[in-house]
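Colleague: pasting the sequence and the predicted coordinates here, then a few questions.
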Amino acid sequence: MDLARPEVTAPRRGGAAVRLALMAVPVAFFAAFFAYPVAAIVTRGLKADGVWRFGRLWDVLGAPDIRHVLWFTTWQALASTALTLLIALPGAYVFARLDFPGRQALRAVVTVPFVLPTVVVGTAFLALVGRGGLLDELWGVRLDTTVWAILLAHVFFNYAVVVRTVGGLWAQLDPRQEEAARMLGASRLAAWRTVTLPALGPAVAAAALMVFLFTFTSFGVVQILGGPAFSTLEVEIYRQTSAIFDLSTAAVLTIVQFLAVGAILALHAWTVRHRESTLRLVDASGTARRPRGAGQWALLAGVLAVIAVLILLPLAVLVRRSLSAPDLGYYRALTRTDGGVFLVAPIEAIGTSLRYAVVATLIAVLIGALAAAALTRRDAGRFVRGFDALLMLPLGVSAVTVGFGFLIALDEPPLDLRASWILVPLAQALVGVPFVVRTMLPVLRAVDERLREAASVLGASPWRVWREVDLPMVRRALLIAAGFAFAVSLGEFGATVFIARPDNPTLPVAVARLLGRAGDLNYGQAMALSTVLMVVCAVALLVLERLRTDRTGEF
């Protein structure tokens, strides 16, 4: 027995060394381009003449206008989450359990709003409910600058989160369990309530937490649709940073948002682990059936009507407004430089965004793949699970803080990058990495560990094991992860608005600048650029759906 101990201990030590090696690059990346800029701006705001001013925390949080911002941020996030669950859960069932023509294409379409930049989401709803929008033309109704526009836009943006997170699990639940309850005398509702709902609970909780996270940190939607009457924490951080230049108030609000996001992500990680450890799943490809009975056909029709009105109509109105000028006038105007908004023709933002997004995708795939490989190892402990939560933080921590932190922190050697174009792809990659990890992790965990062990016993190095065992199995997932990273990088706005240069604006920044100027031509050009971005994202999602064979991931 004693002779066997070195053989058991050595692989464990070797596994720990491999895991630490895999984590080294992602940890260094997040330390340099996330933790350091955020810490720099918080330190700049709370430290004066070498003395920490922690009393500023209570001064800021005690101000009536800040308390109103905190209340509205929390209230609208709760309302948006409840409304999204109410509208999207029937869609999750339809996509999981009903088989109908065009299901996969429609599944890709409902995901398009999620990868659109929030400024484009706001623009689409502005074209629907704003001045001169469809509702204004037909009935003289305007909803912009009201909370209803914000709530509906949040449902539009987060519908896919519920459909993919809950629907992905629902499709893998064995329908025979519910059928067995029916055979024992339970009604359809009772069988669903006692069998299916408890199994879906962790997935519903995870989806609700993610929706709450995205709406709690909402920026572009509230900025465009809310007007001066409504402000979330993210919008207030932007206002305090860029308009008032009150870094101490911005630092306090950043700390509050960071703590709230940390708590949400901790709960989300717990629900995901609970879901993974307690359920026995089946192949999703065999659980969907053609609709049967009037009830299922009515549910399918209702879900399709909701998608048509809530998802497709705003996108269609956006396209319509971009084409409303004679002879494609708004698109033609994109080729001209007026010297007012941009130093270059707005159409050049398309090429700039594509170049930046390609570089950001390469960075995100490299960092995310290494992180996912580290998280896949069986001997992962609490430290590695904490690392998993760290990777998700850029989705919730103020992108405005990160962007402004780049300008403050990355201006001295060895990270003197403030004048470099690489700043924008780095900021975009921070948002892309979580999508790469969440897409690749379920596939990597599905690889039989014995295959890796056999290759190691035969003398293969860790790199060769990855190249010859893991890579052939995860190649498709890697392409899907790259596609998501590309789409998300293309639409990043919160950080990019600070660091994109006037001669190299990205598409979301160009849209925001055009919307910030009066005049029908600027408004129409914003609609045209938003349409271009929407089409690129839609094509990317349709390609991803054709590539995707595994439905276990969250995105």
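Modeller: Okay, I see it.

Colleague: pull the longest helix from the chain.
Modeller: Longest among the helix segments of the chain by residue count, using DSSP state H, is helix 64-97.

Colleague: averaged pLDDT, the helix or strand just after it. What do you get?
Modeller: As assigned by DSSP states H and E, the chain's next helix or strand after helix 64-97 is helix 103-115. Across helix 103-115, the average pLDDT comes to 82.

Colleague: and if you look at stretch 356-376?
Modeller: In the prediction, stretch 356-376 has an average pLDDT of 89.

Colleague: which residues touch that stretch?
Modeller: Applying C-beta atoms under 8 Å, 6 or more residues apart in numbering, the contact partners of stretch 356-376 are 19, 22-23, 25-26, 29, 380, 384, 387-388, 391, 421-422, 424-426, 428-429, 432-437, 440-441, 444-445, 447, 466, 470, 478, 481-482, 485-486, 489-490, 492, 506. All C-beta spots, glycine's among them, are computed from the backbone N, C-alpha and C.

Colleague: now a ChimeraX select for only the buried ones of those residues.
Modeller: To isolate the buried members of the contacts of stretch 356-376 in ChimeraX, using 16 or more other C-beta atoms under 10 Å:
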select :19,22,23,26,29,380,384,387,388,391,424,425,426,428,429,432,433,434,435,436,437,440,441,444,466,470,478,481,482,485,486,489,490,492,506
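
Colleague: take the contacts of stretch 356-376 and keep only those in helices.
Modeller: Going by DSSP H, the helices hold 19, 22-23, 25-26, 29, 384, 387-388, 391, 424-426, 428-429, 432-437, 440-441, 444-445, 478, 481-482, 485-486, 489-490 from the contacts of stretch 356-376.

Colleague: how many other residues sit next to S242?
Modeller: Residues lying near S242 (other C-beta atoms under 10 Å) number 14.

Colleague: how about Y523?
Modeller: 21.

Colleague: who's in contact with it?
Modeller: By C-beta under 8 Å, 6+ apart, the contact set of Y523 is 514-515.

Colleague: what of M210?
Modeller: Counted by C-beta under 8 Å, 6+ apart, M210 has contacts 158, 161, 165, 268, 554.

Colleague: how close does L426 get to T287?
Modeller: 42 Å (C-beta to C-beta, to the nearest Å).

Colleague: which SSE is immediately downstream of the helix or strand where Y159 lies?
Modeller: Following DSSP H and E, one finds Y159 within helix 147-170. Remark: after helix 147-170, the chain's next helix or strand is helix 175-183, criterion DSSP H and E.

Colleague: now V162: closest residue in space, sequence neighbours ignored.
Modeller: Spatially, and ignoring its direct neighbours in sequence, V162 is nearest to A88 (3.6 Å; C-beta to C-beta, 6 or more residues apart in numbering).

Colleague: tell me the buried residues in stretch 178-197?
Modeller: Applying 16+ other C-beta under 10 Å to stretch 178-197 flags 178, 181, 186, 191-192, 195-196 as buried.

Colleague: among the residues you listed, which two are most distant?
Modeller: Spatial extent of the buried residues of stretch 178-197 (C-beta to C-beta) is set by the pair A186 and T196 at 11.3 Å.

Colleague: so H268, which state does it fall into?
Modeller: helix (DSSP: H, G, I helix; E, B strand; the rest coil).

Colleague: helix or strand: which one has the nearest residue to it once chain neighbours are set aside?
Modeller: Leaving aside its sequence neighbours, H268 sits nearest to L209 (C-beta to C-beta, 6+ apart; 4.4 Å). Using DSSP H and E, L209 falls within helix 197-216.

Colleague: now do the contacts for G494.
Modeller: G494 neighbours (C-beta under 8 Å, 6+ apart): 219-220, 234, 238, 398-400, 402-403.

Colleague: how about those, which pair is most distant?
Modeller: G220 and V402 (15.1 Å).

Colleague: what sits against the residue nearest to H268?
Modeller: Taking C-beta under 8 Å, 6+ apart as the test, what L209 contacts is 264, 267-268, 271.

Colleague: quick one: which of these has the most company?
Modeller: Top of those by neighbour count (other C-beta under 10 Å): H268, with 22 neighbours.

Colleague: domain-wise, how is this structure divided?
Modeller: With automatic domain parsing as the criterion, the domains of the chain are listed as 86-322, 325-555.
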